[in-house]
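Student: Quick one: sequence and predicted model below, then my questions.
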Amino acid sequence: MKIETLAIHAGREADPATGAIVPPIQMSTTYERDADGGYARSFSYTRPDNPTRHALEACLAQLEGGSHAVCFSSGAAATMAVFSLLNPGDHVLAPLECYYGTRQLLREYLSRSGVTSDFIDMSDAAQLEARVKRETRMIWVETPCNPTLKVTDLRVAARCAHSVGALLAVDNTFPTPILQRPLELGADIVMHSSTKYFGGHSDVMGGAVIVKDAARAAALHAYQAVGGAVPSPFDCWLLRRSLSTLPIRVRTQSAAALEIARFLRQHPKIERVCYPGLEDDPGHAVAARQMSGFGAMLGVCVRGDARTAMGVSSRTRVITCATSLGGVESLMEHRASIESADTLTPQNLLRLSVGLENPEDLIEDLDQALRG
Ligand SMILES: *Cc1c(COP(=O)(O)O)cnc(C)c1O
């Protein structure tokens, strides 16, 4: 089945008890044991297994083209679950530019468990090939990356990882499986912050890990059950509901982002637009090969400094100045000021998450904010 059909039907069946076509939310934390003490109906307690979470996991596995999905209470918890597959002495090759919390987890927490990391420019294939080591057990890639939208060649990253027996893990939050399919390009693990496009309405937190083999899924499921960072049944239900419109939302937002990128690029108050959909963007050729659309995230560098950039984001009327992304409402944020002092994010960069408003209104709003 095609992805639009899966988004609506995967993991969704009419309720056998009532015929309700919308599955009920199973809020129960505990389940009745059989007379012989067993659990023939396969549910015992909601931390290890919950029917509403199973429905969400079944849908996500099919959308990403994996065999299993394991859901968590946030994207960060999902990232931590992927890192739980590592052992002391293992080495991780990670991006210099990626979601800030991922770098923090590696530098401040995984380092204490004896996992070492090197951070490199993943958009440079030569660096990737040169910096992979015999002890490397995982390459972590985020493409296009946050917040500069640099692109990593996933086929090259997969080849490098597999040449030393390492896993390729991809944070696919920005493009979603609608625009980029890492498991088909050689990745072993896909991670998502479901808080973003999966939820799509800025009202639910979640994370997911999707894999293509049963052994790895079992290890992740065990970590989920024992670690306990599970999403609530209501959050799972909301996410499953939102996924039905994922293809249409992501493609519409992505098309609007390209229009906005083209408008901004020729604007006199703009120094540079980071967006792989622009033909002269350094990541365009690789992105065009491995994505079916370029996504709805833009890095917008204004002419000026941090103050100029913050001035622009304070003047928008339709676009809200707030963190996060992937919702139906457009959001803009000055990233450098909420990252640490050693951030590599340019001081004049505003990150724009293009929502589902009419792009003409967004362009008009940006124009008036830039003119001051
Ligand atoms: C938001 C985000 C995360 C972290 O997810 P949370 O749901 O906020 O924990 C990880 N990676 C990317 C690319 C993100 O945008």
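Tutor: Structure's in. What do you need? In this text the structure is predicted, and so the values were computed from the model without any measurement.
Student: Now do P247 against T5, distance only.
Tutor: Distance, P247 to T5, by C-beta to C-beta, to the nearest Å: 10 Å. For glycine as for every other residue, the C-beta is placed from the backbone atoms N, C-alpha and C.
Student: Looking at these two now, which is surrounded by more residues?
Tutor: Neighbours per residue (other C-beta atoms under 10 Å) separate P247 from T5, with P247 holding more: 21 against 10.
Student: Wait, a strand at the more buried one?
Tutor: No. Applying DSSP: H, G, I helix; E, B strand; the rest coil, one finds P247 to be helix, outside a strand.
Student: And for the closest residue to the ligand within the chain, nearest residue in space, chain neighbours not counted?
Tutor: Nearest residue of the chain to the ligand, counting by C-beta to the nearest ligand atom: G75, 2.2 Å away. Excluding its sequence neighbours, the residue lying closest to G75 (C-beta to C-beta, 6 or more residues apart in numbering) is S193, at 2.6 Å.
Student: again with A40
Tutor: A40 sits nearest to D34 (C-beta to C-beta, 6+ apart), 5.3 Å away.
Student: wait, the residue nearest to G75 sits on S73?
Tutor: No. Taking contacts as C-beta atoms under 8 Å, S193 lies outside contact range of S73: 11.2 Å.
Student: what about these two, which has more around it?
Tutor: S193 (28 against 19).
Student: Put the alpha carbons of the helix or strand harbouring A255 into PDB.
Tutor: Using DSSP states H and E, A255 maps to helix 246-265. What follows is helix 246-265, C-alpha atoms only, in PDB (Å, rounded to 0.1, in the frame of the first residue of the first chain):
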ATOM      1  CA  LEU A 246       1.000  13.500   7.900                       C
ATOM      2  CA  PRO A 247       1.500  13.000   4.100                       C
ATOM      3  CA  ILE A 248      -0.700  15.900   3.200                       C
ATOM      4  CA  ARG A 249       0.600  18.200   5.900                       C
ATOM      5  CA  VAL A 250       4.300  17.600   5.200                       C
ATOM      6  CA  ARG A 251       4.000  17.900   1.400                       C
ATOM      7  CA  THR A 252       2.000  21.100   1.700                       C
ATOM      8  CA  GLN A 253       4.400  22.600   4.300                       C
ATOM      9  CA  SER A 254       7.400  21.600   2.200                       C
ATOM     10  CA  ALA A 255       6.000  23.200  -1.000                       C
ATOM     11  CA  ALA A 256       5.300  26.400   1.000                       C
ATOM     12  CA  ALA A 257       8.800  26.400   2.400                       C
ATOM     13  CA  LEU A 258      10.300  26.300  -1.100                       C
ATOM     14  CA  GLU A 259       8.200  29.300  -2.100                       C
ATOM     15  CA  ILE A 260       9.300  31.200   1.000                       C
ATOM     16  CA  ALA A 261      13.000  30.300   0.600                       C
ATOM     17  CA  ARG A 262      12.900  31.700  -3.000                       C
ATOM     18  CA  PHE A 263      11.200  34.900  -1.700                       C
ATOM     19  CA  LEU A 264      13.700  35.400   1.100                       C
ATOM     20  CA  ARG A 265      16.800  34.700  -1.000                       C
END
